[in-house]
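Asker: Sequence first, then the predicted structure, then my questions.
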Amino acid sequence: MPDRTLIRRLRLASLLEGFSLLLLVFVAVPAKHLFGHPMAVRIIGSVHGLFFLFFVWSLVAAVSAGGWSRAEVLRVFVGAFIPFGVFLNTSLLKQKEMVASLSERGEGSS
């Protein structure tokens, strides 16, 4: 049974990871190569790495709670490697959170 808190944490981790990837690809890398600022990649790359680890940890925790197909897990994981991929998974994660919320309400009323 999916846990709403775990899915909410995964949504946050996904957004942080996705936006940090965009910053890395579209701000830090051009700053390094066009303007000679390699520190931008070092700083934003490190932050992105931490957010990616948080994302993977959150994904493993959410999937371990159950209610995920292999295709959904693969979709969310692969989306983390694609710039703007975070936006492809937003609707899926919102839907998963809504289903988890409804199932928690259903269990509480029994």
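Answerer: Everything's here; your move. Residues are numbered from 1 along each chain as shown.

Asker: where does residue 83 land in three-state SS?
Answerer: Secondary structure state of residue 83, per DSSP: H, G, I helix; E, B strand; the rest coil, is coil.

Asker: mind listing what it touches?
Answerer: 21, 22, 25, 26 (CB atoms under 8 Å, 6 or more residues apart in numbering). Glycine gets a C-beta too; all of them are placed from N, C-alpha and C.

Asker: ok, 10 Å please
Answerer: 18, 21, 22, 24, 25, 26 (CB atoms under 10 Å, 6 or more residues apart in numbering).

Asker: cool, residue 6 as well?
Answerer: Contact analysis of residue 6 by CB under 10 Å, 6+ apart lists 58, 59, 60, 61, 62, 63, 64, 65, 96, 97, 100.

Asker: neighbour-wise, which of these leads?
Answerer: residue 62 (27 neighbours; other CB atoms under 10 Å).

Asker: Helices - which of the contacts of residue 6 land there?
Answerer: The helices, defined by DSSP state H, take in 58, 59, 60, 61, 62, 63, 64, 96, 97, 100 from the contacts of residue 6.
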